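> Here is a sequence together with a model predicted from it:
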Amino acid sequence: MDQNLALISQYGMQVLSGFGMTIMTWLGAVLLGITIGFVIAVLQRYGGRWLRALLRVYIEILRTTPFLVQLFILYYGGPALGIELSALAAGVLALAIYGSAYFAEVFRAGFMSVPRGHIEAAQCLGMSRLDIVWRILMPQMLVIITPALINLIIILSKETSVLSIVTIPELTAVLTQIGSEQYIYVQTMLVLSVCYLILVAATEQLGRWAERKVSHYLAR
């Protein structure tokens with residue numbers, strides 16, 4: 001076991017590069033997914049009947065189909081529709097779209113948690129819908145939805161391992177290749193688990209810090 005782990009250490013730069021690719025794709029997908037999810041939640045609240053129905057279908061389709069299937073459709077089926085994306089672009093976009101459905105539901109629940117009276121008071125003051133969203137809804141719901149947001153972000157971090165299927169050189173792909181070359185599958189998967197453990201633990205700590213900051217800000 002020690003010899004095999006020492007052998008993996010010889011691929012240190014490749015492992016670090018793969019870990020960096022994992023973090024990059026994950027952060028890109030999270031930022032894009034949160035943005036799309038927030039827009040969907042706002043449109044669900046203020047959009048027309050048909051728009052809300054279409055968005056509900058969008059959310060349900062993404063929530064009830066595996067991420068792997070969605071990734072395959074976008075990457076391998078995209079060219080048939082004139083959508084040709086690199087593996088990296090397809091991976092980030094697919095992960096962002098997948099996450100957006102869940103983020104949208106979190107934001108929708110957050111909007112519903114704000115007392116109706118606060119919204120009616122803002123309307124009486126003549127505030128626009130945009131002002132109500134940013135100055136009334138967002139500040140009050142942040143404390144409530146922050147734990148759920150962090151949980152979804154952590155889930156997306158682990159979904160990045162699926163991206164190795166479309167040849168993105170992220171951590172899982174790199175360690176799988178090392179395991180195949182050196183016939184040390186158990187050791188490479190152990191290293192993979194430790195790396196994800198570190199990533200998730202760091203995200204949890206940042207999430208707790210963010211939650212404290214938001215709570216402190218709203219308490220003032």
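Received it, and whenever you're ready, just let me know what you need. Numbering: from 1, shown residues only.
> ok, how many other residues are close to Y11?
With neighbours defined by other CB atoms under 10 Å, the count for Y11 comes to 19. For every residue, glycine as well, the C-beta is placed using N, CA and C.
> So the closest residue to it other than its chain neighbours, which state does it fall into?
In space, and not counting its chain neighbours, Y11 is closest to I178: 5.3 Å by CB to CB, 6 or more residues apart in numbering. Classification of I178 using DSSP: H, G, I helix; E, B strand; the rest coil returns helix.
> What score does E105 have for pLDDT?
E105 carries a pLDDT score of 94 in this model.
> so how far is S164 from the residue most central in space within the chain?
The residue lying closest to the centre of the chain (CA atoms, centre = their mean) is V30, at 3.7 Å. Using CB to CB, to the nearest Å, one gets 19 Å for the distance from V30 to S164.
> cool, and L68?
When L68 is compared with S164 (using CB to CB), they lie 11 Å apart.
> for R108, same thing?
In terms of CB to CB, R108 sits 32 Å off from S164.
> One more: I59?
27 Å.
> show me the residues around the residue lying closest to M21 once chain neighbours are set aside that make contact.
Spatially, and ignoring its direct neighbours in sequence, M21 is nearest to E170 (4.4 Å; CB to CB, 6+ apart). By CB atoms under 8 Å, 6 or more residues apart in numbering, the contact set of E170 is G18, M21, T22, T25, T160, S161, L163, S164.
> what's the pLDDT at E170?
92.
> where does it fall, phi/psi-wise?
Backbone torsions of E170, given as degrees, to the nearest 10, read phi -90, psi -170.
> ditto for G47
phi -80, psi 170.
> What is the burial count for the nearest residue to it once chain neighbours are set aside?
Nearest non-adjacent residue to G47, counting by CB to CB, 6+ apart: L55, 7.2 Å away. Using other CB under 10 Å, L55 has 19 other residues around it.
> do the same with Y76
Neighbours of Y76 using other CB under 10 Å come to 11.
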